[in-house]
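Novice: turn this into a model:
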Amino acid sequence: MHIMGKKLIGIGSLLLFTASSAVANYDQHSRTEEFIAEASKEYQLNPDELRQWLSQAEKMDSVLEAIQRPAEKVKQWDEYQDIFLTKKRIKAGKAFMEKHAGLLAEAEKQYGVRKEIIAAIIGVETYYGTRQGGYRVLDSLSTLAFDYPKRPLFWRELKAFFSLAEKENLDPAEIKGSYAGAMGYGQFIPTSYLAYAVDGDGDGKRDLWGNPADAIFSVANYFKRHGWKAGEAVTQRVRVSGNDYEEVINDRLKPKWTVSELQALGVEPTEPVDGDHPANLIRLYGKHGAEFWLGEYNFYVITRYNHSRLYAMAVYQLSEALK
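Specialist: Here you go, the predicted structure:
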């Protein structure tokens with residue numbers, strides 16, 4: 001799931017494996033023993049197996065290039081929506097929901113997360129599972145953990161990746177994902193996989209690459225664990241007046257105000273909402289200029305998947321189109 005203040009996701013052409021590679025000797029790196037000591041202690045992994053896995057990892061120059069030029073370069077909503085709210089993506093989403101109607105309904109019932117939101121996340125992340133990434137995660141995470149020192153989080157993710165492979169009885173050299181190590185339908189990074197992936201169909205495995213049940217239930221579980229409020233709204237258009245509202249526009253992702261406090265600053269909801277509900281004021285620049293939105297708590301929960309208002313709005317509007 002996302003980086004640079006966002007969870008690692010697999011979007012666009014960077015999902016395609018076009019990388020150059022070279023033998024990296026990560027089993028002999030100056031920090032190898034430090035890594036093995038930490039991973040074996042934290043996850044009770046066999047040091048010899050860790051060393052063997054690292055010996056198979058290849059350094060990917062394309063990963064280092066990609067991580068420094070994130071896929072999401074679009075700055076405004078008018079461009080961003082053209083990527084994720086296309087007729088083709090909506091049509092594919094409706095087909096995905098029809099094919100997996102039973103699973104989505106069951107996940108919604110069990111976790112309280114709207115089925116359209118679950119489908120929209122998968123639709124934004126991997127075009128409903130069809131674009132999961134072509135990099136060997138062993139290579140991408142090893143490259144980032146050892147040769148991209150600005151991102152110590154990858155050191156953590158590589159340790160979790162080896163634990164994940166052991167727990168799920170997977171060959172680390174066979175697992176594919178994005179250039180930043182995100183995997184499966186929902187593009188979970190290894191720590192998220194360990195924490196939030198669930199066995200949706202009861203077969204004893206958590207397979208987020210090939211099992212739609214596990215993928216759907218895991219996305220729903222992720223949202224529930226991050227505080228999704230069943231039955232509550234996500235966002236709505238609002239009108240603004242005066243100048244006082246300017247001081248609170250896009251001030252933070254987590255709701256800081258109540259609806260009543262925002263109303264006192266000149267924000268007028270267009271749909272009924274309780275005055276004591278937590279919310280923020282969001283301004284996006286769409287096809288016809290500035291748009292103002294009420295960011296309720298569930299909008300914030302979507303940003304736990306990717307720390308971006310644009311991403312959350314894309315997921316919300318795609319979910320509305322999938323109804």
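Novice: what's across from G289 in the sheet?
Specialist: With beta bridges defined as DSSP bridges, G289 has these partners: G286.
Novice: burial check on it, number of neighbours?
Specialist: Close neighbours of G289, defined as other C-beta atoms under 10 Å, add up to 8. For glycine as for every other residue, the C-beta is placed from the backbone atoms N, C-alpha and C.
Novice: what separates it from W77, distance-wise?
Specialist: 11 Å (C-beta to C-beta, to the nearest Å).
Novice: what's the answer for A39, then?
Specialist: Using C-beta to C-beta, A39 is found at 41 Å from W77.
Novice: please apply the same query to N25.
Specialist: In terms of C-beta to C-beta, N25 sits 46 Å off from W77.
Novice: quick one, which of the two is more surrounded?
Specialist: Between N25 and W77, counted using other C-beta under 10 Å, W77 has the larger neighbour count: 22 against 14.
Novice: and that one, its phi and psi?
Specialist: Per-residue torsions, W77: phi -60, psi -30 (degrees, to the nearest 10).
Novice: that one touches L284, doesn't it?
Specialist: Yes. Because the distance of 3.9 Å satisfies C-beta atoms under 8 Å, W77 is recorded as touching L284.
Novice: what is in contact with the two at once?
Specialist: Common neighbours of W77 and L284 (criterion: C-beta atoms under 8 Å, 6 or more residues apart in numbering): E291, L310, M313.
Novice: which of the residues you listed lies closest to K256?
Specialist: The nearest member of these to K256, counting by C-beta to C-beta, is M313 at 18.5 Å.
Novice: residues touching the closest one, list them.
Specialist: W77, Y80, Q81, T235, I282, L284, W293.
Novice: got JSON lines for those, with pLDDT too?
Specialist: Shown next, in JSON lines, are those (pLDDT from 0 to 100):
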{"residue": "W77", "pLDDT": "95"}
{"residue": "Y80", "pLDDT": "93"}
{"residue": "Q81", "pLDDT": "94"}
{"residue": "T235", "pLDDT": "98"}
{"residue": "I282", "pLDDT": "98"}
{"residue": "L284", "pLDDT": "97"}
{"residue": "W293", "pLDDT": "98"}
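Novice: about what we covered before: could you single out the nearest of the shared contacts of W77 and L284 to F146?
Specialist: Closest approach to F146 among these (C-beta to C-beta): L310, at 32.0 Å.
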